[in-house]
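**Q** Sequence first, predicted coordinates after that:
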Amino acid sequence: GKRRHEYSPPSVLHWFSRESLRKLCLQFGFVEVASGRPSKWLKGGHARSLLNHTFEAMPGGRLFHPLTQLIPKELPIPYPSEDLFWALFQKQET
């Protein structure tokens with residue numbers, strides 16, 4: 001909606017933990033072949049926008065806008081993605 005800053009909902013629904021997904025797949029005859037965590041980056045321009053959007057909701061938050069302009073637009077910023085993972089499963093031969 002208009003009040004949402006990002007393309008995703010404000011909260012993320014987690015269907016599976018890493019372990020619960022592994023257990024479910026094992027029940028149906030799949031084994032884990034590989035897994036890991038994706039690296040995720042955002043640009044300084046996106047960080048600026050997100051910070052400005054967050055500050056606007058705070059009393060006096062607009063005072064922070066000049067500070068956010070100090071962030072270079074093209075600066076790559078690592079995004080903490082501890083909640084993201086990928087896994088590849090393969091059906092076991094019986």
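**A** Everything's here; your move.
**Q** any weak-confidence spans in this structure?
**A** The chain contains residues with pLDDT under 70 at 1-14.
**Q** for it, longest helix please?
**A** Using DSSP state H, we find that the single longest helix of the chain is helix 44-56.
**Q** now the helix or strand following that helix: how far from the chain's centre is it?
**A** Downstream of helix 44-56, the first helix or strand assigned by DSSP states H and E is helix 65-68. Centroid separation between helix 65-68 and its chain, computed with C-alpha atoms, centre = their mean, to the nearest Å, is 24 Å.
**Q** Repeat that for stretch 86-93.
**A** Distance of stretch 86-93 from its chain centroid, counting by C-alpha atoms, centre = their mean, is 24 Å.
**Q** List the buried residues in that stretch.
**A** Along stretch 86-93, these residues count as buried under the neighbour rule (16 or more other C-beta atoms under 10 Å): residue 89. (Glycine included, C-beta is placed from N, CA and C.)
**Q** So which residues make contact with it?
**A** With contacts defined as C-beta atoms under 8 Å, 6 or more residues apart in numbering, stretch 86-93 is touched by 18, 21-22, 25, 29-38.
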